[in-house]
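Colleague: Output the structure for:
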Amino acid sequence: MSHSGKKLWLYFIPALLWAILIYILLTLPGDDFKDSGFEAIPHFDKVVHMGLFGAQVFWLALPLAKRYRPNAGILIWITVAVIVFGILMEYVQKYFTTDRSFDWTDMVADGVGAVLSYFCMRYIFRQYQKKHPINSESSFT
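Modeller: Purely as a prediction, here's the structure:
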């Protein structure tokens, strides 16, 4: 394993921290957000869900831009994993919090954010690799 490969896991720390942030935000009491003023904006919570889970795909995929081609299955697997995380978080809200509730439209927003981020990451991979081509022997497609 190359020296840089040994340290690859360090690049996933932002993704881990972001997942913890998502968990905290989605399990905080709902009353904590009542006076924020944002509830006056229609569907603002859906935009937040899209952003949270889209950013999760970004943070998970970014460290892999040097190693995988834009059409790599790894991007699909990351996106599916983030969608599953979003679904699980709705069940956490339903069964493990006292004042948060299950909302299937939040799951849809989580999925939309993850899928939009998937396409953004494909573009980022492509742009990065135009400047830094992948050695065909070391890439995985």
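
Colleague: Low-confidence regions, the protein specifically.
Modeller: Along the chain, segments meeting pLDDT under 70 span 1-6, 31-40, 135-141.

Colleague: let's see it at 90
Modeller: Using pLDDT under 90 as the threshold, the predicted model of the chain has low-confidence ranges 1-9, 29-45, 63-72, 98-101, 124-141.

Colleague: Could you find the closest non-adjacent residue to A114?
Modeller: Computed as Cβ to Cβ, 6 or more residues apart in numbering, the closest residue to A114 that is not its neighbour in sequence is V82, at 4.4 Å. All C-beta atoms are positioned from the backbone trio N, CA, C, and that covers glycine.

Colleague: So which residues of the protein form helices?
Modeller: With DSSP state H as the definition, the chain shows helices at residue ranges 3-6, 13-27, 44-61, 73-96, 104-131.

Colleague: Could you identify which of those is most buried?
Modeller: Among those, the stretch with the highest mean neighbour count (mean count of other Cβ atoms under 10 Å) is helix 44-61, at a mean of 21.
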